[in-house]
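Asks: My questions concern the predicted model and sequence given below.
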Amino acid sequence: MKKFLIYIAAAVLLISGAVIKGQDKFTVSALKALGAPNNPRVQVTWDRFYDYGELTSMLKKLNAAYPELTSLESIGKTYEGRDIWCITITNGKTGAASDKPAYYIDGAIHANEIQGVEVALYTAWYLLESYAQNPFVKNLLDTKTFYIVPVENIDSREAFLHTPQSLRTGKVPRDDDGDGLIDEDAAEDLNGDGFITQMRIRVKGGRWKADPEDPRIMVRCAPDEEGEFELLGEEGIDNDGDGLINEDGPGSYDPNRNWGWLWRPDYIQGGADRYPFSLPETKAVADFLKKHTNILGAESYHNSGGMILIGPNQNEEDIIYPRDIQLLDFIGQKGTEMIPYYRYINTWKGLYPIYGDENNFQYADLGILPFVNELWTPRICSAGRHPRTKRGKSRTSSIRSSCSTKPFSTGKSSIIHSTAELK
C-alpha cells in the first residue's frame with residue numbers, strides 16, 4: 001500500500017503542478033513537453049474555466065473517445081437538480097475497476113475555489129491522452145483505478161461563473177437570521193460592474209491601508225501604525241428592513257464542515273449545518289466513497305495559498321496512527337520538492353482546527369489516506385520568495401480578506417478588482 005500511494009500521489013502532484021505552472025496558456029509545444037500528445041482525441045483548451053454544461057460535455061467526450069478506459073456515472077443530484085459526475089478511469093481489460101486499488105480525486109467543495117475543477121478535469125484528460133505513449137501512465141491504468149469527481153458544489157459554482165455572486169457555500173435555502181424568510185438579504189452588485197466587492201470608507205486612524213504595490217488592495221496596519229480606511233463589508237442593502245445588511249444570503253453553511261467524523265454543531269463549528277450529511281452533495285459523495293472500499297488514497301483540490309495539507313489530524317480530538325503519519329509526511333514533503341513554492345502543512349497546527357470535514361471522514365471512517373491541495377500561490381518576487389507584508393504574513397491572506405470576493409473571471413486573465421470606496 002505504501003508503494004501504491006507514493007506512486008499515485010507523485011503522479012497527481014506532477015499533473016497538478018503542470019497545470020499550476022502552465023495556467024496562463026497551453027500550446028501544442030507545451031503539451032508535448034508535459035508528455036501529452038500533440039494530437040489528443042479530445043481537444044481541450046486549458047486557458048479558461050469551464051461551467052457545468054461544458055465540463056459535462058468534456059466528460060462525455062472523454063468517455064466516448066476512451067470507452068475501454070472509462071465509465072461515466074452520476075453519483076447523485078445537487079439541490080438544484082444537476083448531476084454530480086464521476087469518471088472512473090482504468091483499463092477494463094486487465095480487471096474490474098472495483099478489484100484494483102484506487103485513488104479518489106475531487107474539486108470545488110467550496111464553490112468559489114474554482115481552479116480545482118480544471119485540475120481534476122486535466123488529470124482525467126492527461127491520464128487518458130497519455131495512456132498509449134507513456135509507460136508510467138499505462139502501468140497506472142492497467143493496475144490501478146482513478147475515481148474523479150471534478151466538482152462537488154456545482155450549483156454555487158455556476159452562480160460564481162455566471163453572476164456577480166461569489167459563494168463558498170451551496171444553494172440549499174436557509175433562514176440565517178431567524179425571521180421566517182429564506183435567503184432574502186444577499187450581497188448585491190450595487191454599481192453594476194459585474195462584481196460584488198467590499199466597501200471601504202476613509203477614516204483617520206482606521207485599521208487598514210492601501211497596499212503600496214496595488215492601492216486597490218487593503219492591507220492590515222501594524223498595531224502601532226495609523227491607517228486610513230475601515231472596511232464596511234460586501235456591497236448590498238437592507239432588503240428585508242431589519243436594520244442589517246447582507247445577513248441572509250444563499251446557503252450560508254460550509255459543505256466541508258458537514259461530514260460525519262467529529263461533526264460539531266454550528267455554535268462550535270461554524271457552517272456545520274443541521275446534522276451530518278444534511279446536504280445532498282455531501283451525502284452523495286459520502287455514499288459513493290462508502291461503496292468503493294478499494295479507495296486507498298484521496299486528493300481534494302481547494303484554493304488558495306500554495307499548500308499541501310495533511311488530510312487527517314484536524315483538531316485536538318482527532319486521531320492518526322504513527323505509520324500513517326510517516327507515510328503522509330513522506331509524500332507531503334516530496335510534494336514540496338516537486339512543486340515550487342508549496343508548503344506542507346498540518347491544518348490544525350498550521351492554520352486552524354476543523355470539525356466535520358471531508359478528509360477527516362475519509363481517514364477516520366473509511367481508512368483512506370487523504371490530502372488537500374490549496375492551489376494558486378502568488379508569483380515569486382525577484383528575491384525568490386513569496387511577497388510578504390511587514391508582519392510576515394503571506395500577502396495571499398491580505399488579498400483574500402480585503403479584495404473583491406470574485407478575483408477571477410472566466411475566459412480571461414485573473415484580475416483582482418478594487419474595493420468600492422465610500423466618500
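Replies: Right, received. Where do you want to start? Numbers count the residues shown, from 1 in each chain.
Asks: from here on, contacts and neighbour counts on C-alpha atoms
Replies: Will do.
Asks: Hmm, residue 106 and residue 149 touching each other?
Replies: Yes: taking contacts as CA atoms under 8 Å, residue 149 lies within contact range of residue 106: 4.6 Å.
Asks: Name the residues contacting each of the two.
Replies: Here residue 149 and residue 106 share the contacting residues residue 120, scored by CA atoms under 8 Å, 6 or more residues apart in numbering.
Asks: Break down the stretch 151-300 of the chain into its helices, ranges please.
Replies: Using DSSP state H, counting those that start in this stretch, the helices assigned to the stretch 151-300 of the chain run over residues 154-162, 280-291.
Asks: State the mean pLDDT of the last one.
Replies: The predicted model assigns helix 280-291 a mean pLDDT of 98.
Asks: in stretch 331-342, what counts as buried?
Replies: For stretch 331-342, the neighbour count (16 or more other CA atoms under 10 Å) marks 331, 332, 333, 334, 335, 336, 339, 341, 342 as buried.
Asks: Can I get whichever helix or strand the fourth one is part of in PDB? Just the C-alpha atoms.
Replies: Residue 334 belongs to helix 322-338 when assigned by DSSP states H and E. Extracted as PDB, the C-alpha positions of helix 322-338 are listed here (Å, rounded to 0.1, in the frame of the first residue of the first chain):
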ATOM      1  CA  PRO A 322       2.100   6.700  13.600                       C
ATOM      2  CA  ARG A 323       2.800   4.700  10.500                       C
ATOM      3  CA  ASP A 324       0.100   6.600   8.600                       C
ATOM      4  CA  ILE A 325       1.600  10.000   9.600                       C
ATOM      5  CA  GLN A 326       5.000   8.800   8.500                       C
ATOM      6  CA  LEU A 327       3.700   7.900   5.000                       C
ATOM      7  CA  LEU A 328       1.700  11.200   4.700                       C
ATOM      8  CA  ASP A 329       4.700  13.200   5.800                       C
ATOM      9  CA  PHE A 330       6.900  11.500   3.300                       C
ATOM     10  CA  ILE A 331       4.500  12.100   0.400                       C
ATOM     11  CA  GLY A 332       3.800  15.700   1.600                       C
ATOM     12  CA  GLN A 333       7.500  16.600   1.800                       C
ATOM     13  CA  LYS A 334       8.100  15.000  -1.600                       C
ATOM     14  CA  GLY A 335       5.300  17.200  -2.900                       C
ATOM     15  CA  THR A 336       7.000  20.400  -1.800                       C
ATOM     16  CA  GLU A 337      10.100  19.300  -3.600                       C
ATOM     17  CA  MET A 338       8.200  18.600  -6.800                       C
END
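Asks: packing partners for that helix?
Replies: Secondary-structure packing of helix 322-338 (3 or more CA pairs under 8 Å, 6 or more residues apart in numbering; DSSP states H and E): helix 2-21, strand 307-310, strand 343-346.
Asks: Quick check: neighbours of the last one in the sheet, parallel or antiparallel?
Replies: When sheet partners are counted by DSSP bridges, strand 343-346 sits next to strand 307-310 (parallel).
Asks: Distance-wise, check residue 375 relative to residue 160.
Replies: Distance, residue 375 to residue 160, using CA to CA, to the nearest Å: 18 Å.
Asks: I should have written residue 185 there, sorry.
Replies: Residue 185 is 18 Å from residue 160, by CA to CA.
Asks: From the centroid of the protein, which residue is nearest?
Replies: residue 302 (2.1 Å; CA atoms, centre = their mean).
Asks: you'd agree that one is up against residue 111?
Replies: No: Residue 302 lies out of contact with residue 111 (CA under 8 Å); the separation is 9.3 Å.
Asks: Tell me the bridge partners for the residue nearest to residue 72 when sequence neighbours are not counted.
Replies: Counting by CA to CA, 6 or more residues apart in numbering, the nearest residue to residue 72 once its immediate chain neighbours are dropped is residue 87, at 4.6 Å. Beta-bridge partners for residue 87, by DSSP bridges, are residue 72, residue 148.
Asks: That concludes my questions; thank you for your assistance.
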